[in-house]
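Novice: this is the structure alone, sequence omitted:
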């Protein structure tokens with residue numbers, strides 16, 4: 001029978017030899033977690049083939065490194081009542097087709113800056129009767145009462161138009177006439193707009 005002569009010192013030496021020969025191989029396969037940092041990685045050691053596709057985000061790149069993507073589709077319209085950005089100014093419109101128009105003050109005088117083709121108007125013998133002398137015979141007349149804050153009764157019915165007002169209009173001012181009524185149906189003086197075609 002062979003008696004073992006393995007002593008403690010021999011055991012330690014043998015263990016040291018094992019670690020020296022096999023420890024490097026072990027370390028290559030069991031790197032401790034979070035033990036590799038920037039200092040352990042050589043410059044340019046990580047190539048594109050080592051990076052998982054889709055794992056990087058835009059924040060991982062410097063400004064200008066990523067190409068600009070295609071313009072996206074127009075988004076949906078905003079909620080009703082929210083103003084959008086102002087558009088560009090449009091081209092000037094063509095002149096209107098009205099032969100004459102006027103803004104008539106309550107006292108029968110014309111607002112010249114907002115009148116065309118009407119040289120004057122007169123209040124007839126009764127309140128609310130306005131007379132016009134035109135250089136043409138109108139085919140169509142459109143009127144609209146001016147809503148004046150604090151005006152008579154605060155509201156007006158649509159003005160009535162007449163061409164038979166010889167009894168209330170002076171001679172030479174009988175081309176057309178406007179009768180101005182308040183909401184209660186009474187004739188009153190009030191400013192209005194008129195257009196002749």
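Specialist: That came in fine, so what should we check first? These figures come from a predicted structure and were not determined experimentally.
Novice: and the helices in the protein, which stretches?
Specialist: Ranges of helices within the chain are 8-29, based on DSSP state H.
Novice: from residue 117, how far off is residue 96?
Specialist: Applying CB to CB, to the nearest Å, the value for residue 96 to residue 117 is 11 Å. All C-beta spots, glycine's among them, are computed from the backbone N, C-alpha and C.
Novice: compare those two (neighbour count), which wins?
Specialist: The residue with more neighbours, out of residue 96 and residue 117, is residue 117; 14 against 10, by other CB atoms under 10 Å.
Novice: residue 141 contacts residue 177, correct?
Specialist: No: under the criterion of CB atoms under 8 Å, residue 141 is not in contact with residue 177, lying 9.6 Å apart.
Novice: those two: which has the busier surroundings?
Specialist: Shown here are residue 141 and residue 177; by other CB under 10 Å, residue 177 has more neighbours (23 against 20).
Novice: would you agree that one is in contact with residue 130?
Specialist: Yes: with contact defined as CB under 8 Å, residue 177 counts as touching residue 130 (6.3 Å).
Novice: just give me the neighbour total for residue 65.
Specialist: A total of 8 residues lie near residue 65 under the criterion other CB under 10 Å.
Novice: one more: residue 116?
Specialist: 13.
Novice: distance check, it against residue 97.
Specialist: 12 Å.
Novice: and if you look at residue 55?
Specialist: From residue 55 to residue 97 the distance is 69 Å (CB to CB).
Novice: repeat for residue 37
Specialist: For residue 37, the distance to residue 97 equals 82 Å [CB to CB].
Novice: for the residue lying closest to residue 191 once chain neighbours are set aside, grab the count of nearby residues.
Specialist: Excluding the flanking residues, the one nearest residue 191 by CB to CB, 6 or more residues apart in numbering is residue 146, at 4.0 Å. Counted with other CB under 10 Å, residues neighbouring residue 146 total 15.
Novice: give me the below-cutoff pLDDT ranges for this protein.
Specialist: In the predicted model, the chain carries pLDDT under 70 at residues 1-31, 78, 81, 120-122, 124-125, 148-175.
Novice: which residues in it form strands?
Specialist: In the chain, the segments counted as strands under DSSP state E are 100-104, 121-123, 129-132, 141-145, 160-162, 176-179, 192-196.
Novice: single out the most deeply packed of those.
Specialist: Ranked by mean neighbour count, the strands of the chain are led by strand 129-132 with a mean of 24 (mean count of other CB atoms under 10 Å).
Novice: show me what that strand is packed against.
Specialist: Here strand 129-132 touches strand 121-123, strand 176-179, going by 3 or more CB pairs under 8 Å, 6 or more residues apart in numbering; DSSP states H and E.
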